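J.: Okay, predicted coordinates and the sequence, questions at the end:
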Amino acid sequence: MLTSISKQIIKKIKEYNTIVIARHIGPDPDAIASEIALRDIIKLNYPNKSVYAVGAGVAKFKYFGTLDKIDDVDFSKSLLIVLDVPRFERVDSVNPELFKYTIKIDHHPCDELVCDLELVDETSSSTCQLIAEIIYQSKLKLNREIAEKLFMGIIADSDRFLLSYTTPKTFNIAARLLNDYKFELTPLYNNLYERGINERRFESYIIENINISENGFGYIKITDDIIKKYDVDSSTASNLVNDLNFIKELKVWAFSSYDAKAELYKINIRSRGIVINEIAEKFNGGGHKFASGARLKTEEEVNELFASLDAVCKEDN
Ligand code: AMP
């Protein structure tokens, strides 16, 4: 199945001279790595095509490479490939409706068909794993830099092979990339995991102050004052939320961080077995079964979401 969809994706890539690659807002390493890697793969194999990887730049992910501006692209003649994002509302910087043809490559659950062609595999650890699979099923070339990016996306989204979406395929693809291109791991891990001491202190603050309900729900509201005090930003909690995995007392945990600029509450939710994305979806959020998020406008909505998560932990007792 994957092979036939992969073939169709490559056929479409060959067909179009202008290709735009986009991913979700508030990107993580897998989203950024997959879009830059796919752009560079297309450029390497079809140097005459115009290929753009778009979206707001994120300073902390600069090591993945630069993103492109699209000032004079005729979308009505172009192909759009959206990566790591199930629905159009969360696509960063472009309006998918304007494109001649759209392709989605993703590992988030989604019942709706939103693109003309879709490769969605919920069992994949990451979008980078899917891109690597497509390439390895084809005759397309890779190079060391691209292989490193795909590897980092896999490592980041699987949380170093820790999360349940890690399968033999994940290990096989990571091993194949490493074996084929013999890159050094330490510099890659330095990029992904080096943190300022302020961020580690902020993590200690979270551990110290997280509330744990009798039902096993852990929650903390990170205010703008705390964000300023630790000199972090409202997206920093996303880097830390996985670190609370394996705490015996927690079944589900959620952080709310106030983003003063956007005037909204960013919610990170994680679970050790209770399905949480259906709850996140009720609050206009979404994500994976055990790793979800939402963006909420009011503290009341945050309280309601937290109450729903606590209730689902209670049901599980
Ligand atoms: P995060 O906690 O930001 O790492 O996000 C965990 C998962 O939830 C990722 O797969 C995100 O794509 C997804 N997610 C986060 N925020 C939202 C949102 N507002 N709407 C839909 N999905 C989201």
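T.: Sure thing, it's come through. Numbering: from 1, shown residues only.

J.: okay, CA-based contacts and neighbour counts for the rest of this
T.: OK.

J.: Which SSE is immediately downstream of the helix or strand bottoming out on mean pLDDT in the chain?
T.: Lowest mean confidence among the helices and strands of the chain (mean pLDDT, DSSP states H and E): helix 236-240, at a mean of 90. For helix 236-240, the following helix or strand on the C-terminal side (DSSP states H and E) is strand 252-259.

J.: so for whatever helix or strand comes next after that next one, what's the average pLDDT?
T.: Counting by DSSP H and E, the element after strand 252-259 in chain order, helix or strand, is strand 264-271. On average, the pLDDT along strand 264-271 is 97.

J.: Could you confirm whether strand 264-271 reaches the ligand?
T.: Yes - interface with the ligand: strand 264-271 contributes 268, 269 (CA under 6 Å from any ligand atom).

J.: Direction included, what does that strand pair up with?
T.: Here strand 264-271 has these sheet partners by DSSP bridges: strand 252-259 (antiparallel), strand 291-296 (antiparallel).

J.: most packed of those?
T.: Each of the strands paired with strand 264-271 was scored by mean neighbour count; the highest is strand 252-259, a mean of 25, by mean count of other CA atoms under 10 Å.

J.: starting at the chain centroid, how far to that one?
T.: 17 Å (CA atoms, centre = their mean, to the nearest Å).

J.: Can you show me the CA trace of it as PDB?
T.: Only the C-alpha atoms of strand 252-259 are listed here, as PDB (Å, rounded to 0.1, in the frame of the first residue of the first chain):
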ATOM      1  CA  VAL A 252      -2.000  11.900  32.400                       C
ATOM      2  CA  TRP A 253      -0.300  15.300  32.700                       C
ATOM      3  CA  ALA A 254      -0.900  18.700  31.200                       C
ATOM      4  CA  PHE A 255       0.900  22.000  31.100                       C
ATOM      5  CA  SER A 256      -0.800  25.300  30.300                       C
ATOM      6  CA  SER A 257       1.600  28.100  29.300                       C
ATOM      7  CA  TYR A 258       0.300  31.600  28.800                       C
ATOM      8  CA  ASP A 259       1.600  33.100  25.500                       C
END
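
J.: list the buried ones in stretch 176-186?
T.: 176, 177, 178, 183 (16 or more other CA atoms under 10 Å).

J.: just checking, what packs against the least confident helix or strand of the chain?
T.: Of the remaining helices and strands, none touches helix 236-240 by 3 or more CA pairs under 8 Å, 6 or more residues apart in numbering; DSSP states H and E.

J.: Count the residues that sit near residue 277.
T.: Using other CA atoms under 10 Å, residue 277 has 23 other residues around it.

J.: what does this structure put close to the ligand?
T.: 238, 268, 269, 285, 286, 287, 288, 291, 292, 293, 294, 295.

J.: ok, so of these, who is nearest residue 310?
T.: Taking CA to CA as the measure, residue 310 sits nearest to residue 269 out of the residues of the chain next to the ligand, at 11.8 Å.

J.: Run through the bridge partners of the residue nearest to that closest one when sequence neighbours are not counted.
T.: When the adjacent residues along the chain are set aside, residue 269 lies closest to residue 254, with 4.3 Å between them (CA to CA, 6 or more residues apart in numbering). Taking DSSP bridges as the rule, residue 254 bridges to residue 219, residue 269.

J.: Need the pLDDT of residue 254.
T.: Value for residue 254, per-residue pLDDT: 98.

J.: isn't it right next to residue 270, touching?
T.: Yes - taking CA atoms under 8 Å as the definition, residue 254 is a contact partner of residue 270 at 6.4 Å.

J.: circling back to that earlier point, mind checking which of the strands paired with strand 264-271 is nearest residue 48?
T.: Evaluated over the strands paired with strand 264-271, closeness to residue 48 peaks at strand 291-296, with 39.1 Å, by CA to CA.
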